[in-house]
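# Pasting the sequence and the predicted model now:
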Amino acid sequence: RQNKDKEVYMVFGGERYRESVKKYNVPDNVKIKFALTQDEIFSLMNTAKVYWNCSKFDTFAMPLTEALAMGKIIVKPSHPCYDHINSRHAFSGNENNWFELVNMALASPTKFSQDNRQHAFEK
């Protein structure tokens, strides 16, 4: 709601979330996707500046690792599962400051992070 000029995609891991999302008043600039294929995920990630994952239960953090390798600015949970994803443009937070972190990342003049790519490939 604070960034009406930004295009935001929310991606859910399965169709089972479609009904529960209907009860929320989702702004027009938020596009909701369910159960994307791997190709669809990479296509979407190729166009994104910021990759935000708010799940503490993401298996092995693979999408975050891949986004890091793609040079995306990362916003992730402050959780031990994600401690290996720590680079100049990888920010940790929780439900109390995620939106501030996302806004900060969106406002950054950096559109691509070579530091994140290098860190991912070194690890």
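Structure's in. What do you need? Numbering: from 1, shown residues only.
# Which SSE is immediately downstream of the lowest-mean-pLDDT helix or strand in the chain?
Of the helices and strands making up the chain, the lowest-confidence element is helix 62-69, at a mean of 86, by mean pLDDT, DSSP states H and E. Counting by DSSP states H and E, the next helix or strand C-terminal to helix 62-69 is strand 73-77.
# Show me what the next helix or strand after that next one is in contact with.
Following strand 73-77 in sequence order, the next helix or strand is strand 90-93 (DSSP H and E). The contact list for strand 90-93, computed with Cβ atoms under 8 Å, 6 or more residues apart in numbering, reads 68, 73-79, 82, 100-101, 104-105, 116, 119. For glycine as for every other residue, the C-beta is placed from the backbone atoms N, C-alpha and C.
# Could I have the buried ones of the residues you listed as PyMOL selection syntax?
A single PyMOL command selects the buried members of those (16 or more other Cβ atoms under 10 Å):
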select buried, resi 68+73+74+75+76+77+82+101+105+116+119
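# Of the contacts of strand 90-93, which is the nearest to Gln2?
Proximity of these to Gln2 (Cβ to Cβ) peaks at Glu100, which lies at 10.0 Å.
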